[in-house]
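K.L.:
predicted model and sequence follow; I will ask about them next.
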Amino acid sequence: MMELRDLTVRFGGFTAVDQVDLDLPRGRVLAVLGPSGCGKSTLLRAIAGLEDLAGGSVSFAGQDLASVPTHRRGFALMFQDGQLFAHQSVADNVAYPLRLRSVPRAHRDQRVSELLEMVGLSRSGAQRISELSGGEQQRVALARALAAQPRLLLLDEPLSALDRELRERLAGDVRGILAETGTTALLVTHDHDEACAMSDDLAVMMRGRVVQHGHTAQVWRAPADAEVARFLGYTTVLWGEPAGRVTAAAGGGGRLASEGLALRRSALRVVPTLEARGPRSLTESRLHGRVEEVVMLSDVATVRLSIEGVGPATAVAPRSRPPQVGDDVAVTVDPEGIAPLPDLRSTPHPPAAAAEGSGTT
């Protein structure tokens, strides 16, 4: 459906988007995930025709869009602030793109009714935008974006202005609506949960370049390198023998000294102190370490500890039974929370300690 080839955008001497290649098949949702300033919003604007290309191309359905202006591309954009018309009713906002296309009144009203039903606002058509909550306004913005049945929906941080609970709930709702309508969409965001909840495919972007692209679940399971792993929320990165010890404790056997391992916080779980002091014969599949710091979060205790033969790492413990600083504890490994990293020779920026086979966080 959409193809980007060597897409490059420059502002003076600064390269904001650097030779990006991406494919987006029909009916799928692609999330471009990256930190602030990485170029993801500029990429979206370039696809929409709002930024001039310094190089490369944007093609859609086999057509090069270089000479096609924004308003003729058949794309719809949805921004984080919704950009709704505050002086108009909900129904009038949704109907706006249909009026621009001179859709007959009867068909327009039917389409608006269908869309408001789809986004859960069937009884709100007569309300003013100012009377709605932030989440409701974003639902109106989505309905308006879908009204003209766009060939491609572009979403720029659409939920970032909402509080977390509402953002999580609305992300699932939006994903369901996109799937129901078969809409092809590209989402740019810095929020991991939003990207995971809404997308089929995921592209990780850093410093203007796409550094990894694939099915969303696969990218989360197998980050391309240590930098990507850290950005995706892996709190500990290990190399060589430390990585082998953790893999063995997870039931996976040893690892080659040149291989790496990324660990999510939840990968390591602290065993209550009394169990940790039991005979080693009963805990041989566990790691052992000393607690250096405990931070109480809403649902778990985060534990910083030094693990024998591994080094510093982050683990979790039950909030109701947290260890104390200085405790000697046992640590179990959840295989679901670990991911292999490429051989050091193919990792662009390995940790300085990696050549010695030591752990790093």
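P.N.:
Arrived safely.

K.L.:
which stretches in the stretch 1-150 of the chain count as strands?
P.N.:
2-11, 14-24, 29-33, 55-60, 63-64, 75-79 (DSSP state E, counting those that start in this stretch).

K.L.:
so which of the ones you listed is the most surrounded?
P.N.:
strand 29-33 (a mean of 25; mean count of other CB atoms under 10 Å). The way it works is simple: take the backbone N, C-alpha and C, and place the C-beta from them, glycine included.

K.L.:
where are the low-confidence patches of the stretch 1-150 of the chain?
P.N.:
Residue ranges of the stretch 1-150 of the chain with pLDDT under 70: 82.

K.L.:
okay if I get the strands of the stretch 1-150 of the chain as JSON lines plus distance to residue 114?
P.N.:
Listed next are these as JSON lines, based on distance: least, CB to CB, whole Å:
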{"stretch": "strand 2-11", "distance to residue 114": "26"}
{"stretch": "strand 14-24", "distance to residue 114": "26"}
{"stretch": "strand 29-33", "distance to residue 114": "21"}
{"stretch": "strand 55-60", "distance to residue 114": "26"}
{"stretch": "strand 63-64", "distance to residue 114": "29"}
{"stretch": "strand 75-79", "distance to residue 114": "16"}
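
K.L.:
of those, which is nearest residue 248?
P.N.:
Closest to residue 248 of the strands of the stretch 1-150 of the chain is strand 29-33 (CB to CB; 32.0 Å).

K.L.:
so what strands line up beside the closest one?
P.N.:
Partners of strand 29-33 in the sheet, by DSSP bridges, are strand 185-189 (parallel), strand 201-206 (parallel).

K.L.:
hey, C-alpha coordinates of the last one in PDB?
P.N.:
Backbone C-alpha positions of strand 201-206 (Å, rounded to 0.1, in the frame of the first residue of the first chain) are rendered in PDB as follows:
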ATOM      1  CA  ASP A 201       3.800  -3.600  13.100                       C
ATOM      2  CA  LEU A 202       6.400  -1.400  14.900                       C
ATOM      3  CA  ALA A 203       9.300   0.700  13.700                       C
ATOM      4  CA  VAL A 204      11.700   2.100  16.300                       C
ATOM      5  CA  MET A 205      13.200   5.400  15.300                       C
ATOM      6  CA  MET A 206      16.300   7.100  16.700                       C
END
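
K.L.:
to residue 159, which of the strands paired with strand 29-33 lies closest?
P.N.:
strand 185-189 (7.9 Å).

K.L.:
and the angle from the closest one to strand 2-11?
P.N.:
Following axes from the mean of the first three to the mean of the last three CA atoms, to 10 degrees, one obtains 40 degrees for the angle between strand 185-189 and strand 2-11.

K.L.:
what is the orientation angle of strand 185-189 with strand 75-79?
P.N.:
Using the same axes, to 10 degrees: strand 185-189 against strand 75-79 is 30 degrees.

K.L.:
list the buried residues for strand 185-189?
P.N.:
Residues of strand 185-189 classed as buried by neighbour count (16 or more other CB atoms under 10 Å): 185-189.

K.L.:
strands of the stretch 151-300 of the chain, start to end?
P.N.:
Applying DSSP E, counting those that start in this stretch to the stretch 151-300 of the chain gives strands spanning 152-156, 185-189, 201-206, 209-215, 234-239, 260-264, 268-271, 287-296, 300-307.

K.L.:
and of those strands, who's closest to residue 89?
P.N.:
strand 152-156 (23.0 Å).

K.L.:
give the pairing partners of the closest one; include direction for each.
P.N.:
Next to strand 152-156 in the sheet, as set by DSSP bridges, lie strand 75-79 (parallel), strand 185-189 (parallel).

K.L.:
pLDDT averaged over that strand - what is it?
P.N.:
Averaged over strand 152-156, pLDDT sits at 95.
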